[in-house]
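Trainee: okay, sequence plus prediction incoming.
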Amino acid sequence: MLRDATAAQHARVDEAFPTGLNTPHAYARYLRGMHRFALDFEHATTRAPRQSRWLERDLDAVGLQPLMAPWASPSPLADDDAVMGWEYVMAGSSLGARVLIRAVRRLGHTGEHGAHFLECQGTSDDWRQVQQRLAAVDVADAPRLARMIDSARTAFTHVAVCLAHGAGSANEEHAL
């Protein structure tokens with residue numbers, strides 16, 4: 001139900017890289033945008049930094065600067081259902097990471113240099129854990145589902161904005 005309800009927003013994220021991460025420019029945009037999203041995700045969900053640290057390691061390895069967002073980070077979410085919506089988006093990125101890592105390896109990056117996030121996210125247990133928690137949700141609880149859906153849509157929209165702003169200077173992209 002959550003996947004169907006967020007399909008349009010998820011499609012906008014996928015459209016950010018219509019040919020994947022096959023070029024240094026695309027990968028630079030992805031790293032910077034995902035790092036910004038990870039920072040905002042951790043702030044909104046009050047999770048300890050994890051994905052943002054993995055991405056910081058990649059940014060450092062390839063000589064890129066973090067994306068300084070022209071917007072304020074989302075406020076911490078007070079509702080567990082809203083948190084679940086954002087977690088659905090971040091944990092779901094592990095599925096994409098499993099595909100994206102192949103192209104990034106062809107660019108010469110590895111889990112030890114420049115692709116730590118994709119390696120760690122792609123092998124994390126986060127998606128299975130989120131699926132288990134979602135399976136326990138009563139699908140007849142319409143208000144709860146609406147909060148999750150709204151939050152997941154917001155998170156997907158936020159990812160798309162971060163990725164769109166992820167382009168850096170030509171000097172930064174040349175570092176890749």
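Mentor: It's in.

Trainee: past the longest helix belonging to the chain, which element shows up next along the chain?
Mentor: If each helix of the chain is counted by residues according to DSSP state H, the longest one is helix 80-106. For helix 80-106, the following helix or strand on the C-terminal side (DSSP states H and E) is helix 116-123.

Trainee: that next one vs helix 80-106, what angle?
Mentor: 120 degrees (axes from the mean of the first three to the mean of the last three CA atoms, to 10 degrees).

Trainee: lowest-confidence helix or strand of this structure?
Mentor: Taking mean pLDDT, DSSP states H and E as the measure, the helices and strands of the chain show their lowest mean at helix 170-175, namely a mean of 51.

Trainee: ok, back up a step: what residues sit buried inside the longest helix of the chain?
Mentor: For helix 80-106, the buried set under the neighbour-count rule, 16 or more other CB atoms under 10 Å, comprises 81-94, 96-97, 100-101, 103-104. (C-beta placed from N, C-alpha, C; glycine too.)

Trainee: now do the SS call for the spatially most distant residue from the centre of the chain.
Mentor: Relative to the mean C-alpha coordinate of the chain, counting by CA atoms, centre = their mean, the farthest residue is residue 140 (29.0 Å). Under the three-state scheme (DSSP: H, G, I helix; E, B strand; the rest coil), residue 140 adopts coil.

Trainee: please name the nearest non-neighbouring residue to residue 79.
Mentor: residue 147 (6.0 Å; CB to CB, 6 or more residues apart in numbering).

Trainee: residues near that neighbour, how many?
Mentor: When neighbours are counted by other CB atoms under 10 Å, residue 147 registers 19.

Trainee: and for residue 128?
Mentor: Neighbour count of residue 128, defined by other CB under 10 Å: 11.

Trainee: what does residue 124 give?
Mentor: Each residue near residue 124 was counted by other CB under 10 Å, and the total is 18.

Trainee: what pLDDT does it get?
Mentor: Residue 124 carries a pLDDT value of 96.

Trainee: low-confidence stretches in this structure?
Mentor: Applying pLDDT under 70 to the chain flags residues 168-176.

Trainee: residue contacts, the nearest residue to residue 101 once chain neighbours are set aside?
Mentor: Leaving out its chain neighbours, the residue that sits closest to residue 101 by CB to CB, 6+ apart is residue 118, at 4.4 Å. For residue 118, the contacting residues are 97, 100-101, 104, 111, by CB atoms under 8 Å, 6 or more residues apart in numbering.

Trainee: right, I'll call it a day here.
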